[in-house]
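Visitor: Generate a structure from the sequence data that follows.
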Amino acid sequence: MTRPEVPARNPRATEIVSAARRILEAEGREALTMRRLASCVGMKAPSLYKHFPTKRALEAALIEQALLEVGEILHTALAARGRSSAAHRLVAAYRAVALANPELYRLATSGALPRQDLPRGLEEWAGEPFYLATGDPWQAQALFAFAHGMVILELDDRFPPGSDLRRTWRAGTLAFVR
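Guide: Numbers count the residues shown, from 1 in each chain. Model prediction:
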């Protein structure tokens, strides 16, 4: 599957999405309000609506950005060669990108996905590496669920003190190695 076409945004809309991402990562989803965002980009909140008609549309733009980044990183990890299995490379890359962008990750993976607001084929392309690593659609979903669950538990600091997460990730991933 090839990377889907994503409509280009004008420079001002791109600036708005970048500012929204900075707020999101620095202060969390609750801090990302249209009024706060407008202030950050030097405009009044109603002017934002010329670029993004709703906050949901702005969040969809952030989710689109997250899926594009994750997809690129996962496809690259899968294409890399090395001693580790495809599944191990894939979950290591998934973990790294999620932990590097925890609030964007949470936005993109919690709650209902606004599929109707995303470019056609983007979700499938971003998740395709899980299928390519396992060769089975059900194992692909299970591997994604494992990786997502592990990331959320790690982000929420839910593992007991002293847990060896490297070993936990490895043990879980071994279930998917062909």
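Visitor: Helices of the protein, residue ranges please.
Guide: 11-27, 34-40, 45-48, 55-79, 86-100, 102-109, 122-134, 137-155, 165-174 (DSSP state H).
Visitor: Of those, which is nearest Gln116?
Guide: helix 55-79 (8.9 Å; CB to CB). Any C-beta I mention is one placed from the backbone N, CA and C, and that applies to glycine too.
Visitor: Between helix 11-27 and that closest one, find me the angle.
Guide: Relative orientation of helix 55-79 versus helix 11-27 (axes from the mean of the first three to the mean of the last three CA atoms, to 10 degrees): 80 degrees.
Visitor: Pull the residues that contact the worst-scoring helix or strand of the chain on mean pLDDT.
Guide: For the chain, counting by mean pLDDT, DSSP states H and E, helix 45-48 ranks last in confidence among helices and strands (a mean of 89). Contacts to helix 45-48, defined as CB atoms under 8 Å, 6 or more residues apart in numbering, come from residues 16, 34-35, 37-38, 41, 58.
Visitor: can you count the residues close to Asp136?
Guide: For Asp136, the count of nearby residues is 14 (other CB atoms under 10 Å).
Visitor: next one: the one 5 residues further on
Guide: Burial of Gln141 is recorded as 14 neighbouring residues (other CB under 10 Å).
Visitor: Quick check: it touching Phe130?
Guide: Yes. With contacts counted by CB atoms under 8 Å, Gln141 reaches Phe130, the gap being 7.4 Å.
Visitor: The helices of the chain: lowest mean pLDDT?
Guide: Mean pLDDT is lowest for helix 45-48 out of the helices of the chain, coming in at a mean of 89.
Visitor: before we move on, back to that, which stretch among the helices of the chain comes nearest Arg115?
Guide: helix 122-134 (6.5 Å).
Visitor: Could you name the helices and strands sitting against the closest one?
Guide: helix 55-79, helix 86-100, helix 137-155 (3 or more CB pairs under 8 Å, 6 or more residues apart in numbering; DSSP states H and E).
Visitor: Need these in CSV (columns: distance to Ser163).
Guide: Formatted as CSV, the helices and strands packed on helix 122-134 follow (distance: least, CB to CB, whole Å):
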stretch, distance to Ser163
helix 55-79, 24
helix 86-100, 14
helix 137-155, 9
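Visitor: Can you tell me which of the contacts of helix 45-48 are buried?
Guide: Taking 16 or more other CB atoms under 10 Å as the criterion, what is buried in the contacts of helix 45-48 is 16, 34, 37-38, 58.
Visitor: Taking those residues together, which two end up most distant?
Guide: Ala38 and Leu58, at 11.1 Å, using CB to CB across the buried ones among the contacts of helix 45-48.
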